[in-house]
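J.: Sequence and predicted structure are below.
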Amino acid sequence: MIGRLNHVAIAVKDLAAATAVYRDALGAEVTPPLPQPEHGVTVVFITLPNTKIELLEPMGASSPIAKFLEKAPDGGIHHVCYEVDDIIAARDKLKSQGARVLGDGTPKIGAHGKPVLFLHPKDFCGTLVELEQA
């Protein structure tokens with residue numbers, strides 16, 4: 001069921017400053033900022049040869065990322081995203097095994113324009129998992 005690692009997401013307070021670190025200090029290729037109001041974040045992607053890093057900045061105090069940053073003021077790894085061939089089949093199989101899907105279980109369109117779901121971290125070794133339709 002699980003496919004390739006699509007990205008690792010890092011929550012940051014200041015997207016411009018974080019982008020500069022990756023672009024200027026590490027020489028990474030960074031996308032322009034992409035507002036994702038449905039998810040309450042603005043993101044950039046850092047392209048690596050084998051995957052991506054997603055930097056997430058909250059869009060206001062009600063953003064889930066703002067809540068994350070209250071607990072981890074310096075930022076940090078927020079989630080990992082894996083690709084799946086069939087997001088509905090993956091969701092249904094995981095739910096039948098007792099995994100909790102966050103929200104109402106309906107996939108939303110993510111930053112790559114593909115359906116995504118999030119799985120409760122308590123069911124996956126303390127890690128928030130995002131599934132993205134491949």
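T.: Received, thanks.

J.: distance between the ends of stretch 12-30?
T.: One end of stretch 12-30 to the other measures 15 Å (Cα to Cα, to the nearest Å).

J.: gap between it and the chain center?
T.: Relative to the mean C-alpha coordinate of its chain, stretch 12-30 is positioned 17 Å out (Cα atoms, centre = their mean, to the nearest Å).

J.: Show me which residues of it are buried.
T.: Neighbour counts over stretch 12-30 (16 or more other Cβ atoms under 10 Å) mark V12, L15, A18, T19, Y22, V30 as buried. C-beta: built from backbone N, CA, C; applies to glycine.

J.: How about stretch 56-65?
T.: Buried residues in stretch 56-65, counted by 16+ other Cβ under 10 Å: L56, E57, P58, M59, S63, P64, I65.

J.: can you pull out the strands in the protein?
T.: With strands called from DSSP state E, the chain shows them at 2-11, 29-30, 34-36, 41-47, 52-58, 76-84, 108-109, 115-119, 128-133.

J.: Mind listing residues that contact the second one?
T.: The set of residues that contact strand 29-30 without belonging to it, under Cβ atoms under 8 Å, 6 or more residues apart in numbering, is T19, Y22, R23, V44, F45, I46, T47.

J.: Arrange those residues in a markdown table, one row each, with distance to V80 and pLDDT as further columns.
T.: Shown next, in a markdown table, are these (distance: Cβ to Cβ, whole Å; pLDDT from 0 to 100):
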| residue | distance to V80 | pLDDT |
| --- | --- | --- |
| T19 | 20 | 97 |
| Y22 | 18 | 96 |
| R23 | 22 | 96 |
| V44 | 17 | 98 |
| F45 | 14 | 98 |
| I46 | 15 | 97 |
| T47 | 17 | 94 |
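
J.: Out of the residues you listed, which comes closest to P115?
T.: F45 (17.7 Å; Cβ to Cβ).

J.: what sits against that closest one?
T.: Under the criterion of Cβ under 8 Å, 6+ apart, the contact list for F45 reads H7, V30, T31, L34, K52, I53, E54, L55, A111.

J.: Can you tell me which of those residues is nearest C81?
T.: Distance to C81 across the contacts of F45 (Cβ to Cβ) is lowest for H7, with 4.9 Å.
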